[in-house]
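K.L.:
output the structure for:
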Amino acid sequence: MKITLEPMNTGETEIIIRGDIASNEVSSLLSFINSGSNSGKLLLYKEDEQYLVDAEDIIYLEASDGKVSVLTTDGVYHTKQKLYELKEFLTSLPFAQINKGVIVNIDFVKSVSAEFSGNYTLKLKNSKETLTISRKYFKEFKSKI
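P.N.:
Reported below is the predicted structural model:
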């Protein structure tokens, strides 16, 4: 890895990464950079109002029909961000993607049980609701526990 520092008085720090942006090295760098600027709050919408919500209050995020819904301890909100953007933002926090359209807060997981199909069923604390962990995402989920 080559690092070049260029002093400039532009008022804003600029980071340019050149190379294979899909590599683990670049992914780790982005996670590190984002963890320093991550306040742990998200701007979410409910009806016509905007709310600043702590990430620790989020139970899970779900993408459906091109929209992302965010279930929190206070109710359901919506966001204009894409699920992959939110995953990147939440990477340093206890969140894991469990299937193509859902990211869950590990702190709200009550139990996990295996299904015959190879998938897993996740039960949430203080709720009768269950979510499915697909085989593809189980390794990521397990690494976050």
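K.L.:
which stretches of the protein have low pLDDT?
P.N.:
30-39 (pLDDT under 70).
K.L.:
buried residues in the helix or strand hosting L71, which are they?
P.N.:
According to DSSP states H and E, L71 maps onto strand 67-72. Neighbour counts over strand 67-72 (16 or more other C-beta atoms under 10 Å) mark 68, 70-72 as buried. Glycine gets a C-beta too; all of them are placed from N, C-alpha and C.
K.L.:
ranges for the helices of the protein?
P.N.:
In the chain, the segments counted as helices under DSSP state H are 24-37, 83-89, 135-144.
K.L.:
now those as a markdown table including mean neighbour count?
P.N.:
Shown next, in a markdown table, are those (neighbours: other C-beta atoms under 10 Å):
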| stretch | mean neighbour count |
| --- | --- |
| helix 24-37 | 12 |
| helix 83-89 | 16 |
| helix 135-144 | 14 |
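K.L.:
any chance of these in TSV, with distance to K46 too?
P.N.:
TSV is the format used below for the helices of the chain (distance: least, C-beta to C-beta, whole Å):
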stretch	distance to K46
helix 24-37	25
helix 83-89	17
helix 135-144	28
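K.L.:
of all those helices, which lies closest to V76?
P.N.:
Between V76 and those, the shortest gap by C-beta to C-beta is with helix 83-89, which sits at 15.1 Å.
K.L.:
how far does that closest one sit from its chain's centre?
P.N.:
5 Å (C-alpha atoms, centre = their mean, to the nearest Å).
K.L.:
tell me the phi and psi of D65?
P.N.:
Recorded main-chain torsions at D65 are phi 50, psi 40, according to degrees, to the nearest 10.
K.L.:
name all residues that make contact with the residue nearest in space to the middle of the chain.
P.N.:
Taking C-alpha atoms, centre = their mean as the criterion, K87 is the residue nearest the geometric centre of the chain, at 2.8 Å. Counting by C-beta atoms under 8 Å, 6 or more residues apart in numbering, K87 touches 95, 97, 103.
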